[in-house]
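[1] Generate a structure from the sequence data that follows.
(2 chains)
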2 protein chains.
Amino acid sequence: MSEPTNPPAPVEAPAAAAAPVAAAEGAAPAGPSKSELKKRAKEAEKAKKAAERLAREEEERKQREAADAIDNATQNYGKLPRHQSQERLGRQWLKFENITDADVGKEVLFRARLHNMRPQAAKMAFLQFRQQTETLQGVIAVSKEADVHQVSKQMVKYSQGIPAESIVVVEGEIKKADVKSCTIQQYEISIHKLFTAVESEALPFSIEDASRSEAEIERGEAEGKQYSRVSLPTRLDNRVMDLRTPTNQAIFRIQSGICNIFREHLNGLGFTEIHTPKLQGAATESGASVFKVQYFNSTAFLAQSPQLAKQMCIAADMDRVYEIAPVFRAEDSNTYRHMTEFMGLDIEMAISEHYHEVLETLDSIFKALFNGIETKYAKEVAAVRAQFGGEPFVFIDKTPVITFAEGIAMLREAGATDFDGSPLPEDADLSTENEKFLGRLVKDKYKTDYFIMDKFPAGFRPFYSMPDPTNPNVVNSYDFYLRGEEILSGAQRIHDPEFLTERLVALGMNPAEFKSYIDAFRLGCPPHGGGGIGLERVVFLYLALGNIRRASLFPRDPKRLTP
Amino acid sequence: MSEPTNPPAPVEAPAAAAAPVAAAEGAAPAGPSKSELKKRAKEAEKAKKAAERLAREEEERKQREAADAIDNATQNYGKLPRHQSQERLGRQWLKFENITDADVGKEVLFRARLHNMRPQAAKMAFLQFRQQTETLQGVIAVSKEADVHQVSKQMVKYSQGIPAESIVVVEGEIKKADVKSCTIQQYEISIHKLFTAVESEALPFSIEDASRSEAEIERGEAEGKQYSRVSLPTRLDNRVMDLRTPTNQAIFRIQSGICNIFREHLNGLGFTEIHTPKLQGAATESGASVFKVQYFNSTAFLAQSPQLAKQMCIAADMDRVYEIAPVFRAEDSNTYRHMTEFMGLDIEMAISEHYHEVLETLDSIFKALFNGIETKYAKEVAAVRAQFGGEPFVFIDKTPVITFAEGIAMLREAGATDFDGSPLPEDADLSTENEKFLGRLVKDKYKTDYFIMDKFPAGFRPFYSMPDPTNPNVVNSYDFYLRGEEILSGAQRIHDPEFLTERLVALGMNPAEFKSYIDAFRLGCPPHGGGGIGLERVVFLYLALGNIRRASLFPRDPKRLTP
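    Take a look at the predicted model:
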């Protein structure tokens, strides 16, 4: 396409045209020669023609400008009035993901973000439109007079001035195309109407910058290109913008999917969903710190887990229950895997014979999750991997269940060291590093990123964990690991109020402080167990996002309470 | 069955038996007559036989006692050791609800609550066992010597002493029966083994007292019976006990079902589930009071609704989102329909043309809920109605949508009065009483317990409600009503930051205080709307429970933070 012609530059026509007039005014003093007159006549004739030509050109220019100023496309573009539900026409609104060959040649209507724009001089532009994870190319070009759909130069200019990320309403014709730069590659739209519904203000960063993988940035830099990296704090400060990236759209569809799979699986096993209060009259559990709430003239506490409430549901004969709800931890931990508020997927169930019934139920949940994510969300997982890389997640049919003692033995054999660098003792607690080390050892041995560790030392677990029937030093308590990091903690619980009291005393705690907890079991509670899964941990570890905050819409940590 | 015979009362045998010995010792002075001797010999013979009989009876009694003391059934009853997952035998554990004719004559094993016990002297007892909503009769009787399964008198006595609500493990034979007093009426169990797994302590009230309907109590009282009523505070103080009633088991299955139906319906409409933080850096909404949380060295606030967060998800192009999560209201309202923490079922969606797209989506949710409850939970609804009565819920295919102005007009026409008793003015706010009155008027006119009111006066709604395009005094905002009480509030929201600012100023509020709220829309947000449903309100109004607390497992109000 050729560059558009500018309006003709004004020539100095008035000065040139003035000559004949001046000549006509002067007759005296000395008459010119014949040849001189002839020459002058010729020149006058020439000037006259030039003046006529200029006048004609000027006339044409004016006509052209007048024609342009009319703008035969004013009704096809512009800013829409504020949407207050003025009318309901019941028109069809296109979703990009639904475009098929049947739409080719058809006039369609859609709403989308203006993803980006590349001008082609004044007569044309390429616009990319975005709907969630899909992008579609649009072409706008000044129309010919005979065209049914009129696109004026003014309209093209307008299209080139819409701020990126504005929401536009577009009408046009779907055409076959071959577009590399969009997710919709087989089609594009020839734009006939283009309206701005909502304008965006200045952007903190571009979607392209926020969507680039580290590998892509490094490849680009090797080729001498300059890309901006968007830091995690900048993303979180501008989360509304950040969440628009296709990667984030995918992450939160997967997160939503995990909750659905969790519930469907448990509904199938006869579980009932419960909702337990987050405002507590007392801080029932020891250990993790708890947030205080000003409750009228008194103090309440935010639940650190639904532990007691879900156990009360078992004491109330609900048999098998689950809850998906926020849990709150007032721990000043500023790490890649801690938040002060996160989603707990909790279950609790009565057991018939053995707490491994619970462990196996929890294992079946994870199998359902892994299979469900890979089959139902393959496209989303691929989108996330494209930005974050990360090895595909592997697991085996029969989940390895090793005891804590076996885990320590594996680590000792592999030369693991304790916090202070000395060889790991048999009664060691597990550091995050050693957990990851163990994860690698298990992966080497069993070829799985997912395993279970059982029979933890009593001292490392809450007071209400049921001791092993033969070895009082360990409890019927387990952790589940994903890529070497804990994602679930659970146990058989003590269901007997006298034994709870006994254990508290043995652990040097004061039973009086746990009265309401103990009293919950006085009317008879079946043997039971359960566990709690951290939703964001599953998401960030499974997808190898590197930081738990990426798996939370609006993360909360000791330093962040907004947006 | 005859009363058992007591051990024979001791006769004065030694005294009677002494006579012949004394007689044999005395020969002198005067010999007795021949007839006298004959008589004495006869008496001696009689005494000897009596002594022999007594000795024989004593011997038999001793043998009987020795046999009783052996107790040939010790292995068939008693207290089980504390359940610490000692062994896993993989036995079949019966659920009462699954018993069929095929089980008759079979030996089964189950765990259940001891619901109640009626002794039949020392040799027999009727025990009712309970699993959640089902009760099954058990019969225990002293066995004959030849019986395969030995039940001793000691075992029967043990069965009569187990505290009600203890958890027992039972083995026995399923038999055909006709039992009026249990939910399982066609079968009973002949008990062969009976163990106590967990003993209950003294009960605050009985399940029978807690399960009786008001009608039943009144009928009983008319017949001169004395029943205890269990008050709501007593129930809530002892909620673990209260929740065991079949009615409560049913209520919370229905509550769980409502959430499942809500999600399934919205998943089908392309919604994504979200989880938004309950800890907020600022109290974003005006109006309802907000709980303050001590957040490390600063202050946080508990979210009164996910309003801003779900709107940010729309600004982040998530298109259609829902959330089921607790919401917190620091309002000192001590009424039958207010709690300080309750479950919000929230949706938010981008709209294409008109906010009635949202209103219709919300309406479709309620239709799905009503239909789902009545079909999937018919048994549970019947169980609740048996205790609480309440008229069946009615609704019609096309939900009436009346404007607020039309609602006021209906009330005025029907003679409704304002707070002060004067006739209701045209610009009145609606009191709870007038809402209920309107509910009755709508029910008379349309034969439905469910309707929608639209176009509320701007002054009664939050600042972010979008004004009607033609009448600036009303907003595109609606409430949904169930049995004349509000269960949902929603609106089209203002998506334009400048207009938000303008509205705040017009309403006499300070835009600076809402900066973070306004800023969320600066990068362009599609037109959108939504609504929030109070889960417990739906449950208590639909089931006519009379008090919202009955629809919450562990309700929270200004005076209650436990259990």
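
[2] Let me see the ranges of the helices in the stretch 351-500 of chain A.
    Using DSSP state H, counting those that start in this stretch, the helices assigned to the stretch 351-500 of chain A run over residues A:356-376, A:378-388, A:404-413, A:432-446, A:497-506.

[3] Can you lay out the ones you listed as a markdown table showing distance to chain B, mean pLDDT and mean neighbour count?
    The C-beta positions use only the backbone N, C-alpha and C, and glycine is treated the same way. Converted to a markdown table, the helices of the stretch 351-500 of chain A look like this (distance: least, C-beta to the nearest C-beta, whole Å; pLDDT from 0 to 100; neighbours: other C-beta atoms under 10 Å in any protein chain shown):
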| stretch | distance to chain B | mean pLDDT | mean neighbour count |
| --- | --- | --- | --- |
| helix A:356-376 | 7 | 97 | 18 |
| helix A:378-388 | 11 | 94 | 17 |
| helix A:404-413 | 16 | 96 | 18 |
| helix A:432-446 | 23 | 96 | 17 |
| helix A:497-506 | 6 | 93 | 16 |
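
[4] mind giving me a markdown table with the ones you listed and columns for distance to A:Ala51?
    Compiled in a markdown table, these are given as follows (distance: least, C-beta to C-beta, whole Å):
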| stretch | distance to A:Ala51 |
| --- | --- |
| helix A:356-376 | 79 |
| helix A:378-388 | 67 |
| helix A:404-413 | 100 |
| helix A:432-446 | 89 |
| helix A:497-506 | 111 |
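
[5] what does the stretch 451-563 of chain A put close to chain B?
    Contacts of the stretch 451-563 of chain A with chain B, taken as C-beta under 8 Å from any C-beta of the partner chain, map to A:466-469, A:476, A:492, A:495-497, A:499, A:516, A:520, A:522-527, A:535, A:552-556, A:558, A:561-563.

[6] about what we covered before: can you check which of the helices of the stretch 351-500 of chain A gets nearest to A:Pro462?
    With C-beta to C-beta as the criterion, A:Pro462 lies closest to helix A:497-506 of the helices of the stretch 351-500 of chain A, at 9.9 Å.

[7] tell me the domain ranges of chain A?
    A:90-198, A:207-234, A:246-400+A:448-551 (automatic domain parsing).

[8] quick one: the first one to chain centroid distance?
    Just to be clear, that refers to domain A:90-198. 25 Å (C-alpha atoms, centre = their mean, to the nearest Å).

[9] Between the two ends of it, how far is it?
    Length of domain A:90-198, first residue to last, C-alpha to C-alpha, to the nearest Å: 21 Å.

[10] Just say which of the domains of chain A is most tucked in.
    When the domains of chain A are scored by mean count of other C-beta atoms under 10 Å in any protein chain shown, the highest mean neighbour count falls to domain A:246-400+A:448-551 (a mean of 20).

[11] Any stretches of chain A with poor pLDDT?
    Within chain A, the stretches with pLDDT under 70 are A:1-30, A:67-68, A:284-288.

[12] same for the longest helix seen in it, what does it pack against?
    Of all segments of type helix in chain A, defined using DSSP state H, the longest is helix A:34-70. Helix A:34-70 makes packing contacts with helix A:13-25 when contacts are defined by 3 or more C-beta pairs under 8 Å, 6 or more residues apart in numbering or on different chains; DSSP states H and E.

[13] go again using 10 Å as the cut-off
    Using 3 or more C-beta pairs under 10 Å, 6 or more residues apart in numbering or on different chains; DSSP states H and E, the elements in contact with helix A:34-70 are helix A:13-25, helix A:153-161.

[14] is the shortest one up against chain B anywhere?
    No: among the residues of helix A:153-161, none lie within reach of chain B under C-beta under 10 Å from any C-beta of the partner chain; the closest is 15.2 Å away.
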